Every structure is written in C-alpha cells, then in structure tokens.
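S.K.: The amino acid sequence is not available; the structure is as follows:
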C-alpha cells in the first residue's frame, strides 16, 4: 500500500499564495534604516549585551554615556573575544573602557578616560581595542 501524495496545484492551498510555474518579480527592498545586511546580521547573531548594576552606577558616577555606534562596537568586540574563547575582557574605546564578562555577555564595570591612567586591570584574559 504505497500511495503517492501530490501537492495541490491551486494557489488557494499554496502557502505563499502563488501558483506553481508562475515567475515572481522580486524587487530589492530599500534599506531605509541605513544599517545594511552586516549590521542586521550582527544584531541577530550577537546576543543582547547586558550592563550590570555596578557598571550602570560607575557609568552614572563618571558621566559615561554610550552612543549606538559605541554600543555596537562593544558588542562586536565581545563577539571577537568570544570567538577566541575569552572569558573576561577589557574593551577599550577612544574615551572609555569596560570590563566585560564574555561568557555572560555582561558589562561588569566602566572606566572613563581620566581613570584609565590610574587603573590596573586584573582578572582579565584579553583586551580588545575598538576603533571607529
């Protein structure tokens, strides 16, 4: 008892609503957000970066704010560190630095430019420099 099952030929039962054999005109969708494929792919592949309560307090105390570009740079740096098998990384930007738990995707603490000169960073296994 081997009966063959054939898909329906009508467009009503087609999941896309298109009849088989009829060409589809596909127009490129304009990128209105200005992000491009690479940016969208990175946003989907890289998990959301969390900022610990301690890091938020340090950022507030030191007047550190992040632009979307800087945040994207940190995410990208964490992705690179993760690809290399790092666990705790120092991510250095132009005017600030962050200690990030790569495993947890969490910013642990934040340091401004002035404090960079005075600090010794311990318990890290890598450093990633972000240039934009």
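M.R.: On my side now, so go ahead. No experiment lies behind these values; they were computed from the predicted model shown. Numbering: from 1, shown residues only.
S.K.: what helices or strands is the longest helix seen in the chain leaning on?
M.R.: Counting by DSSP state H, the longest helix found in the chain is helix 68-83. Here helix 68-83 touches helix 36-45, strand 88-92, strand 96-101, strand 126-129, going by 3 or more Cβ pairs under 8 Å, 6 or more residues apart in numbering; DSSP states H and E. Heads up, the C-betas are built off the backbone N, CA and C, glycines and all.
S.K.: which parts of it are buried?
M.R.: 70, 72-82 (16 or more other Cβ atoms under 10 Å).
S.K.: And stretch 121-131, by the same measure?
M.R.: Using 16+ other Cβ under 10 Å as the test for burial, stretch 121-131 gives 124, 126, 128, 130.
S.K.: ditto for stretch 50-57
M.R.: For stretch 50-57, by 16+ other Cβ under 10 Å, it's 51-52, 55.
S.K.: what do you get for stretch 94-106?
M.R.: 96-102, 105.
S.K.: Since that was my last question, I'll sign off now.
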